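**Q** When you get a sec, could you give me coordinates for this:
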Amino acid sequence: MSTHPNSHFAGYRYPVEVVSTAVWLYFRFPLRLPMVEEMLAARGGTVSYETVWQWGLKFGRDIANSLRRGDKRYLDEVILTIGGKRHSLWRAVDKDGFVLDVRVQSRRDVKAAKRLLRKLLKRQGVEPRVMVTDKLKSYAAAKCETMPGVEHRQRKGLNNRAENSHPPTRRRERQMKCFKSARLVQRFLSFHDPIANLFHLRRDHRPVADYRTARAQAFETWAEIAGARLAAWSWHAQPYTFRQPTCKPAQTS
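**A** This next block holds a predicted model:
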């Protein structure tokens with residue numbers, strides 16, 4: 001797995017820990033940019049939300065690309081309203097529900113399905129062993145042209161992993177008070193989904209110890225890829241050291 005050396009942050013006056021954690025906060029949780037700015041300010045960091053947005057654009061893509069994986073793919077699509085118009089959000093996930101690729105398109109037909117499969121094949125480099133979809137006929141037609149040798153399964157209930165990947169997008173949509181631009185949605189979700197899924201760990205049917213171990217592993221993966229040590233708000237980098245907010249006692253006359 002590739003790492004991000006500190007040289008990627010050359011020219012930035014903020015420590016690596018501040019940059020990587022600002023990106024983590026924005027893509028991991030349904031937070032608006034001003035909220036991330038305020039959370040950083042509460043720990044002593046003077047960072048504008050415009051800066052957080054630029055960090056997300058610069059480093060989010062490399063981090064998200066490093067997290068992609070999977071040989072068994074589940075595909076699904078959902079309707080989004082963007083700028084008052086209906087669009088189809090196509091998403092491919094692996095057997096663990098980890099998002100491999102996402103495409104925002106104006107259509108929900110064979111041409112759109114072929115575009116998703118071709119982009120996915122180009123990004124992953126190899127064909128999947130199995131492709132699981134719902135009963136939309138566009139998938140079968142597109143698969144025959146792009147991946148004729150791949151096994152294709154279309155049965156109700158098999159595609160739940162892909163369908164379960166849509167709620168985080170819906171939460172972000174509500175938080176942002178609907179999406180305004182298809183281009184910006186495409187760019188944002190291509191970063192957001194892989195990063196958010198890294199920390200989206202199911203608590204059900206697993207002991208607390210197993211959950212905490214998986215969560216620790218997720219943080220280790222993030223630290224390895226982002227090139228920073230994330231330690232729950234305890235940074236000791238200079239010149240910016242995050243601190244817990246304190247309140248001065250009221251003066252009495």
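**Q** what's the neighbour count on residue 129?
**A** Neighbour count for residue 129, taken as other Cβ atoms under 10 Å: 11. Bear in mind the C-beta positions are built from the backbone N, C-alpha and C, glycine included.
**Q** ugh, typo on my part, it should be residue 145
**A** Close neighbours of residue 145, defined as other Cβ under 10 Å, add up to 12.
**Q** quick one: it is in a strand?
**A** No. Per DSSP: H, G, I helix; E, B strand; the rest coil, residue 145 lies outside any strand segment and is helix.
**Q** And the pLDDT for it?
**A** For residue 145, the pLDDT comes out at 89.
**Q** dump the residue contacts of it.
**A** Counting by Cβ atoms under 8 Å, 6 or more residues apart in numbering, residue 145 makes contact with residue 114.
**Q** pLDDT below threshold where in the stretch 51-200 of the chain?
**A** Low-confidence segments of the stretch 51-200 of the chain (pLDDT under 70): 64-71.
**Q** Can you give the domain ranges for this protein?
**A** 1-67+201-243, 72-190 (automatic domain parsing).
**Q** does residue 129 really touch residue 150, like I thought?
**A** Yes. Residue 129 is in contact with residue 150 according to Cβ atoms under 8 Å; the separation is 7.4 Å.
**Q** tell me the contacts of residue 86?
**A** Contacts of residue 86 by Cβ under 8 Å, 6+ apart are 79-80.
**Q** Who does it form a beta bridge with?
**A** residue 81 (DSSP bridges).
**Q** any idea how far residue 187 is from it?
**A** Separation of residue 86 from residue 187 (Cβ to Cβ, to the nearest Å): 20 Å.
**Q** again, but for residue 49
**A** 17 Å.
**Q** And for residue 82, the neighbour number?
**A** The burial count for residue 82: 20, using other Cβ under 10 Å.
**Q** again, but for residue 17
**A** 21.
**Q** For it, pull up the helix or strand it's in.
**A** Assessed by DSSP states H and E, residue 17 sits inside helix 16-28.
**Q** Which elements pack onto that helix?
**A** helix 33-41, helix 49-67, helix 182-198, helix 208-226 (3 or more Cβ pairs under 8 Å, 6 or more residues apart in numbering; DSSP states H and E).
**Q** Show me what the first one is packed up against.
**A** Counting contacts by 3+ Cβ pairs under 8 Å, 6+ apart, the secondary-structure elements packed against helix 33-41 are helix 16-28, helix 49-67.
**Q** among those, which is nearest residue 80?
**A** With Cβ to Cβ as the measure, helix 16-28 is the member of those nearest residue 80 (18.3 Å).
**Q** okay, that closest one in CSV with CA atoms only?
**A** Extracted C-alpha coordinates of helix 16-28, given in CSV (Å, rounded to 0.1, in the frame of the first residue of the first chain):
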residue,chain,number,x,y,z
VAL,A,16,0.7,17.3,8.2
GLU,A,17,-1.6,16.3,11.1
VAL,A,18,-3.7,19.4,10.7
VAL,A,19,-4.1,19.0,6.9
SER,A,20,-4.8,15.2,6.9
THR,A,21,-7.3,15.5,9.8
ALA,A,22,-9.2,18.4,8.2
VAL,A,23,-9.6,16.2,5.1
TRP,A,24,-10.7,13.3,7.3
LEU,A,25,-13.3,15.3,9.1
TYR,A,26,-14.9,16.7,6.0
PHE,A,27,-15.1,13.4,4.1
ARG,A,28,-15.8,11.1,7.0
